[in-house]
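**Q** sequence and predicted structure are below.
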Amino acid sequence: QVQLVESGGGLVQAGGSLRLSCVASGGTVSGYTMGWFRQAPGKGREFVATISKSGGPTYYADSVKGRFTISRVNAKNTLYLQMNSLKPEDTAVYYCATANYWLVTEVHEYHYWGQGTQVTVSS
């Protein structure tokens, strides 16, 4: 059973940056597509970014394209999300997750999930 633990969230001013990490244990995630989702208060969980098994191809939600960068280091069983030019609307709990297939963006297509890390962007 793979377990995912996110870290790196916090409070930052608009325009600032944060780097989220997601460390896997209990098994290797190198065979999975991985993704980041977020959930703001009172809203559903939404797709942010995904990366292929190899760490090559990536895909982003339009709302974060050009500002966020997803990456992974399979040797460390770790996924990252570099977030730059943060906006108040980026405030949410951020989750990492694994999927069996590439280029999937729906919550139900991901199976292992972390507990989330809070990101708060002040204006």
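**A** In hand now; what should we look at?
**Q** only C-alpha atoms from now on, for both contacts and neighbour counts.
**A** Noted.
**Q** could you list the buried residues of the strand or helix carrying residue 82?
**A** Residue 82 is part of strand 78-83 when elements are defined by DSSP states H and E. Judged by neighbour count using 16 or more other Cα atoms under 10 Å, the buried positions of strand 78-83 are 78-81, 83.
**Q** got it, and stretch 43-62?
**A** Under 16+ other Cα under 10 Å, the buried positions of stretch 43-62 are 45-53, 55, 58-60.
**Q** name the residues that touch it?
**A** With contact meaning Cα atoms under 8 Å, 6 or more residues apart in numbering, stretch 43-62 is reached by 30-39, 64, 70-73, 102-107.
**Q** which helix or strand lies directly C-terminal to the strand or helix carrying residue 35?
**A** Under the criterion of DSSP H and E, residue 35 resides in strand 33-39. Remark: after strand 33-39, the chain's next helix or strand is strand 45-51, criterion DSSP H and E.
**Q** quick check: mean pLDDT across that following strand?
**A** Strand 45-51 shows a mean pLDDT of 98 in the predicted model.
**Q** please apply the same query to stretch 5-19.
**A** 98.
**Q** pLDDT at the residue nearest to the spatial centre of the chain, what is it?
**A** Centroid-nearest residue in the chain: residue 36, 2.4 Å away (criterion: Cα atoms, centre = their mean). Residue 36 carries a pLDDT value of 98.
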